[in-house]
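Novice: What follows is a predicted structure for the sequence shown.
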Amino acid sequence: MQFFGRATGEGEVVERPELLLIHSGLQSGIFNMALLSVEAGTVELVERLNQAAAYFARRATPWSVWLCEQWVASVTPAEVSAEFALRGFRQINHPPAMIAERLSEPVRPLPPIEARRVDDGATRLAFATICSTCFDIPFRTAARFYEGERSWQFGYHGFVGYADGAPVCAMATVMTEEAIGVYSLGTLPEHRKRGYGEALMRKVLAEIVRREGERPTVLQSSESGYPLYRRMGYRRVGSYRVFLSGG
């Protein structure tokens, strides 16, 4: 998530003991985010929401909260919803958090795919285009995040999958000592249901493991991606509730 606070050169990442604040520099609430850094009860949750509200109010920008349910386990879902409703937020997503210690074997033959790392103008444009299409991001916004060289200098690594010389899918990774994070896996609509996304993901992760050593992989799944990740050996370990300002 911190990628969005660093990519444009106009945002910032503010790390507080209890709260992580990410300002993208754009007027897009989904990319201006607040995340809890430690567990919270009702009182602490209200305090942190107030802190985040003050931060984003000074920047006159919409914002969102990515709330890990395990970190507000003592607060009932109804209380959480009520606190956000009072502030004019609506829930827009409920993605599961998933982990795989290692991937299962494929259950079907996968198509050949060429994995190119995002490292030049052509691959940056392809990555921006695929993300814009797959995740309903206005292209101008996607281009601001992904087309500049600066975007790829902070440990966020992009890959584009090519079939017969044409870009068909994309994904990104972030490495830590404990795990490999997988992000933004998407396939262009006209190339879906053929296994390209899975083929790219397996190829990229296999190369990382070969180079860096075995470690778990983690991701947040979309509803449509959940069956694929289950087949690949991922299991659900938690979930997030995503709230967006603006009613």
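Specialist: Ah, there it is.

Novice: For residue 39, give its distance to residue 108.
Specialist: Noted for residue 39: a distance of 41 Å to residue 108, by CB to CB, to the nearest Å. Placement of C-beta: from N, CA and C, glycine included.

Novice: which ones are touching the most centrally placed residue in the chain?
Specialist: Taking CA atoms, centre = their mean, the centroid of the chain lies closest to residue 183, which sits 4.9 Å from it. Taking CB atoms under 8 Å, 6 or more residues apart in numbering as the criterion, residue 183 is in contact with 156, 171, 172, 173, 174, 219.

Novice: Which element, helix or strand, includes it?
Specialist: strand 180-187 (DSSP states H and E).

Novice: State the three-state secondary structure for the spatially closest residue to residue 118 that is not a sequence neighbour.
Specialist: Among residues not flanking residue 118 along the chain, residue 158 sits closest, at 3.3 Å (CB to CB, 6 or more residues apart in numbering). Assigned state for residue 158: strand (three-state reduction, DSSP: H, G, I helix; E, B strand; the rest coil).

Novice: cool, residue 78 as well?
Specialist: For residue 78, the assignment made with three-state DSSP gives helix.

Novice: Distance of it relative to residue 85?
Specialist: 10 Å.

Novice: neighbour count winner among these two?
Specialist: residue 85 (13 against 8; other CB atoms under 10 Å).

Novice: Which of the three states applies to that one?
Specialist: Put simply, residue 85 is helix when judged by three-state DSSP.

Novice: which SSE is residue 13 in?
Specialist: Residue-wise, residue 13 maps onto strand 12-15 under DSSP H and E.

Novice: and that strand, what does it pack onto?
Specialist: helix 3-6, strand 19-23 (3 or more CB pairs under 8 Å, 6 or more residues apart in numbering; DSSP states H and E).

Novice: Okay, now the sheet partners of it, with direction.
Specialist: With DSSP bridges as the test, strand 12-15 is paired with strand 19-23 (antiparallel).

Novice: quick one: contacts of the strand it pairs with?
Specialist: By CB under 8 Å, 6+ apart, the residues outside strand 19-23 that reach it are 1-2, 4-5, 11-14, 31-37, 48, 51-52, 55-56, 59, 61.

Novice: ditto for stretch 66-78
Specialist: 1, 33-36, 38-42, 45, 80, 97, 238-243.

Novice: In this structure, mark out all the helices, start to finish.
Specialist: 3-6, 42-58, 77-86, 121-134, 139-146, 196-212, 226-231 (DSSP state H).

Novice: right, so of those helices, which gets closest to residue 190?
Specialist: Residue 190 sits nearest to helix 121-134 of all the helices of the chain, at 9.9 Å, using CB to CB.

Novice: rewinding a little: out of the helices and strands packed on strand 12-15, which comes closest to residue 195?
Specialist: Proximity to residue 195 (CB to CB) singles out helix 3-6 among these, at 27.2 Å.

Novice: and the closest one, what other elements does it pack with?
Specialist: Helices and strands touching helix 3-6, as assessed by 3+ CB pairs under 8 Å, 6+ apart, comprise strand 12-15, strand 19-23.

Novice: and with 10 Å instead?
Specialist: strand 12-15, strand 19-23, helix 139-146, strand 156-163 (3 or more CB pairs under 10 Å, 6 or more residues apart in numbering; DSSP states H and E).

Novice: now the first one: mean pLDDT?
Specialist: Read that as strand 12-15. Taken as a whole, strand 12-15 has an average pLDDT of 96.

Novice: low-confidence ranges in this protein?
Specialist: Within the chain, the segments meeting pLDDT under 70 span 247.

Novice: got the domain boundaries for this protein?
Specialist: 3-96+241-245, 114-215 (automatic domain parsing).

Novice: Of the ones you listed, give the one that comes closest to residue 233.
Specialist: Distance to residue 233, taken as CB to CB, is lowest for domain 114-215 among the domains of the chain, at 10.8 Å.

Novice: related to what we said a few turns ago, of the contacts of stretch 66-78, just the buried ones, PyMOL syntax please.
Specialist: Command for PyMOL that selects the buried part of the contacts of stretch 66-78, burial taken from 16 or more other CB atoms under 10 Å:
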select buried, resi 33+34+35+36+40+45+80+97+239+240+241+242+243
